[in-house]
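1. sequence unknown, structure follows:
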Ligand SMILES: [Zn+2]
């Protein structure tokens, strides 16, 4: 038995459930799930408190960055500029930016009668979204690495009764995205071009050796709960912040990874991928989430991991089986990448 490393287990609940069943065989998945649960609970119990520096009230933020309006209706908190709207949900980490869900690193909380947001979320979430040219001024746009999830011995999520295997679908999606990007004269390469077992280290080494400017890992999701449905995009949380699946900061969360050199660009990339995937697939928006998946924390460029629907959901699966849906996923990923690359070019033009 070869247990994946701690961090590989710190995936979404959906991926945890799936990985456990794969590692232990379907019949032993429940025991594995229990083991993981106990392990994570122990980690949570020893977790340090939620300390992430200072906070600022949303009304101060509104003045500081010249928002046009700040309105409060119960826990519905809205900040508006001429073109953009942030809608926060008080006491949670949820904010919608122009109707796309983004998960903050810390909840917006009431303090002395005012709703406040952490400075860290102002710097790493809010400002990159309203000032992408600033967030992207040190990034580049020449080489895109597409990473089809799983492969070879590792099928990923599967429904063999319906002949669905994540590894085959992710490869097909990545190949189509590459073809379209190349038509736009974007240099795009894959971490695997066939059904071969590809270690997570290999994927990162390859991206880093090629000098990737952008890394997008492509996956489908699976969950024990067959009602779970929709699209989610994962980016790395800043060092010191919990993953979206957890409310606690463990000692391991304090480590800064190579991917953390691109916190602001990760936010922009994650947002535009999620936005265009929702636009084309019209599936439920599960948001831009924070996770420390191996590939997105260890590549030395902006990175995101997209999960393009749940194989375990009847609703999503019916769509995933159609080429029309897959084409829409390809359009979503491609448009997200192209939007990001154009923003990088604009940022370079504005910051020569
Ligand atoms: Zn996967």
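-> That came in fine, so what should we check first? Quick caveat: nothing in here was measured; it's all calculated off a predicted structure.

2. Next SSE downstream of the helix or strand containing residue 217?
-> If you go by DSSP states H and E, residue 217 is part of strand 214-221. As assigned by DSSP H and E, the chain's next helix or strand after strand 214-221 is strand 231-235.

3. circling back: what's the angle from the strand holding residue 217 to strand 231-235?
-> Computed with axes from the mean of the first three to the mean of the last three C-alpha atoms, to 10 degrees, the direction of strand 214-221 lies at 140 degrees from that of strand 231-235.

4. touching the ion at all, strand 214-221?
-> Yes - against the ion, strand 214-221 shows contacts by C-beta under 5 Å from the ion at residue 219. In this view, the C-beta of every residue, glycine as well, is placed from N, C-alpha and C.

5. same deal with stretch 271-291?
-> No - using C-beta under 5 Å from the ion, stretch 271-291 stays clear of the ion, coming no nearer than 12.0 Å.

6. can you give me the helices for this protein?
-> 6-9, 13-24, 29-45, 58-64, 119-121, 127-130, 132-135, 166-183, 200-210, 263-281, 294-298, 314-320, 323-350 (DSSP state H).

7. what's the spacing between residue 135 and residue 128?
-> Noted for residue 135: a distance of 4 Å to residue 128, by C-beta to C-beta, to the nearest Å.

8. give me the number of residues near residue 323?
-> The tally of other residues near residue 323 (other C-beta atoms under 10 Å) stands at 8.

9. what about stretch 54-70, distance to the chain center?
-> 26 Å (C-alpha atoms, centre = their mean, to the nearest Å).

10. same question, stretch 200-209
-> The gap between where stretch 200-209 is centred and where its chain is centred comes out at 19 Å by C-alpha atoms, centre = their mean.

11. Could you list the residues in contact with it?
-> 8, 145, 147, 191-192, 215, 217, 294-295, 298-301 (C-beta atoms under 8 Å, 6 or more residues apart in numbering).

12. Just the buried residues of those.
-> Buried members of the contacts of stretch 200-209, scored by 16 or more other C-beta atoms under 10 Å, are 8, 145, 147, 191-192, 215, 217, 294-295, 298-301.

13. tell me which of the residues you listed is nearest to residue 310?
-> Taking C-beta to C-beta as the measure, residue 217 is the one of the buried ones among the contacts of stretch 200-209 closest to residue 310, at 16.8 Å.

14. Just want the residue of the stretch 251-352 of the chain that's nearest the ion.
-> residue 307 (7.2 Å; C-beta to the ion).

15. Report pLDDT for that residue.
-> pLDDT for residue 307: 98.

16. wait, doesn't it sit right on residue 219?
-> Yes - with contact defined as C-beta atoms under 8 Å, residue 307 reaches residue 219; the gap is 4.9 Å.

17. roughly how far out does stretch 335-343 sit from the chain middle?
-> Distance of stretch 335-343 from the chain centroid (C-alpha atoms, centre = their mean) equals 16 Å.

18. meant to ask about stretch 133-153
-> So, by C-alpha atoms, centre = their mean, the centroid of stretch 133-153 is 13 Å from its chain's centroid.

19. circling back: deepest of the helices of the chain, which one?
-> With neighbours defined as mean count of other C-beta atoms under 10 Å, the helices of the chain peak in mean count at helix 263-281, which reaches a mean of 25.
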